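[1] Next one to model:
(chains A and B)
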Amino acid sequence: NAGVTQTPKFQVLKTGQSMTLQCAQDMNHNSMYWYRQDPGMGLRLIYYSASEGTTDKGEVPNGYNVSRLNKREFSLRLESAAPSQTSVYFCASTRTSGRAMSWETQYFGPGTRLLVL
Amino acid sequence: GDSVTQMEGPVTLSEEAFLTINCTYTATGYPSLFWYVQYPGEGLQLLLKATKADDKGSNKGFEATYRKETTSFHLEKGSVQVSDSAVYFCALTSYGKLTFGQGTILTVHP
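    Residues are numbered from 1 along each chain as shown, chains lettered A, B, ... in the order given. Sure, this is the predicted structure:
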């Protein structure tokens, strides 16, 4: 049971390049999330997927797209990277969806460190 | 909207000292409250949680009590260890979406 896995661990991009961050969970969780972590700002929600086939914007969605490929996988795409997207990206998942999510623990992956030059 | 405010860091303590990290929140409805910890180079992991007023969450010697009247969820530990050095995040959920505080860096010296 690997929990939540993310690839790659580290990536350097030039401004304007595109890339996809991959996330997978093997806990049969319904809900998945993408966050970015910046110094002094905690984690901010980019997008989330409450169930397979649905996605919704979080606090900071601009410049990103997501795909909930199946129940296990939730990818984050940067179509045209900008230096402001330099950050550490975390994927997370929870077992339930809907209102019951309020008390559920979120399980986090190890993160992807992205540097945009 | 929902928000979480943590005490400014970093916090530096000697081993066996008492730890308090303050956390206050603003939320509509009845949020659940969490403390997550991030060790160097790792993702976040749940430290403890409380789902209703007056609940006390505890784990690994850490405690926090959900105080609705003061909208607070302060983290405490009676005697810290070097291995407690990490970043601590207070967070709340409302309908499944986590809102985090900015994090507090804790360094414990031998």
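
[2] what sits against the one residue sitting closest to the centre of chain A?
    Among the residues of chain A, the one closest to the centroid is residue A:34, at 2.3 Å (C-alpha atoms, centre = their mean). By C-beta atoms under 8 Å, 6 or more residues apart in numbering or on different chains, the residues touching residue A:34 are A:21, A:23, A:45-48, A:58, A:64, A:66, A:74, A:76, A:89-92. No exception for glycine: its C-beta is placed from N, CA and C like everyone else's.

[3] Ok, residue A:115 next?
    Listed by C-beta under 8 Å, 6+ apart, the contact set of residue A:115 reads A:10-13, A:86.

[4] So in terms of bridging, what pairs with it?
    residue A:12 (DSSP bridges).

[5] top of the contacts of residue A:34 by neighbour count?
    residue A:74 (29 neighbours; other C-beta atoms under 10 Å in any protein chain shown).

[6] what comes into contact with stretch A:58-69?
    Contacting residues not belonging to stretch A:58-69 are listed as A:32-34, A:36, A:44-49, A:52-55, A:74-80, A:82, A:84-85, B:97 [C-beta under 8 Å, 6+ apart].

[7] Filter the residues you listed down to just the buried residues.
    Buried members of those, counted by 16 or more other C-beta atoms under 10 Å in any protein chain shown: A:32-34, A:36, A:44-49, A:52, A:55, A:74-76, A:78, A:85, B:97.

[8] What's the first helix or strand after the helix or strand of chain B at the bottom of the mean pLDDT ranking?
    One helix or strand of chain B scores below all others by mean pLDDT, DSSP states H and E: strand B:97-100, with a mean of 85. The helix or strand immediately downstream of strand B:97-100 is strand B:104-109, counting by DSSP states H and E.

[9] wait, does that next one contact chain A?
    No - Strand B:104-109 is not in contact with chain A by C-beta under 8 Å from any C-beta of the partner chain; minimum separation 10.1 Å.

[10] what lines up beside that strand in the sheet?
    strand B:11-14 (parallel), strand B:86-94 (antiparallel).
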